[in-house]
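Asks: Provided below are the primary sequence and the corresponding predicted coordinates.
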Amino acid sequence: MTGEMVPPFMLLEYASDGGAEERDRTPARGKFWVYERRIRPPYYGIFLPEQGTIEMYHLVEDRFERMTPNAHGRFPIASLGVELGIWRGKYADYELGWMRWWDAQGNLLPTGDEKAARLAEKLKSMGIDPDQV
């Protein structure tokens, strides 16, 4: 029994050395070619941490088309109601450009650590020690 492969909705690559490997269109071998022709996710992104940039591609009629960021410099993913972009700030003791998500209204979505910190503060304001729960 063979099943039909269901592609992931989005592939995001953390690239080094300028992203040449992630843009490789060599038939049957290059990452870009394999993603576009074989795996076929609706979205493919290349995050270049050294430059603090993202390249986003959307699959249109069997080919990836490079997306243009909106006025805020982010890439809307309408079917999910989110935008992907670069947030500049300190996270995990490093200050640089981070790939982050925003909601459709432009609100930065919190990371898991940020959610936990907010919850801990709320519990403390209620007189509950989050370390004792």
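Replies: Thanks, I have the structure now.
Asks: Every contact and neighbour count from this point should use C-alpha atoms.
Replies: Fine.
Asks: show me where the chain has helices.
Replies: Secondary structure of the chain by DSSP state H: the helices cover 31-34, 112-125.
Asks: what does the shortest one contact?
Replies: The list of residues contacting helix 31-34 from outside it, by Cα atoms under 8 Å, 6 or more residues apart in numbering, reads 21, 22, 23, 24, 25, 26, 27, 28.
Asks: which of these count as buried?
Replies: Buried residues within the contacts of helix 31-34, defined by neighbour count using 16 or more other Cα atoms under 10 Å: 22, 25.
Asks: Under the pLDDT cut-off, which ranges of this protein? List them.
Replies: 1-3, 133 (pLDDT under 70).
Asks: quick one: the strands in it?
Replies: 10-14, 43-48, 53-60, 63-66, 75-77, 82-91, 94-103 (DSSP state E).
Asks: Tell me which of those lies nearest to residue 121.
Replies: Evaluated over those, closeness to residue 121 peaks at strand 82-91, with 18.3 Å, by Cα to Cα.
Asks: Direction included, what does the closest one pair up with?
Replies: strand 75-77 (antiparallel), strand 94-103 (antiparallel) (DSSP bridges).
Asks: Could you say which of those strands is packed most deeply?
Replies: A comparison of the strands paired with strand 82-91 by mean neighbour count, using mean count of other Cα atoms under 10 Å, puts strand 75-77 on top with a mean of 19.
Asks: Not counting that strand itself, show me its contacts.
Replies: Contacts for strand 75-77 (Cα under 8 Å, 6+ apart): 56, 67, 68, 69, 70, 82, 83, 84, 85, 104.
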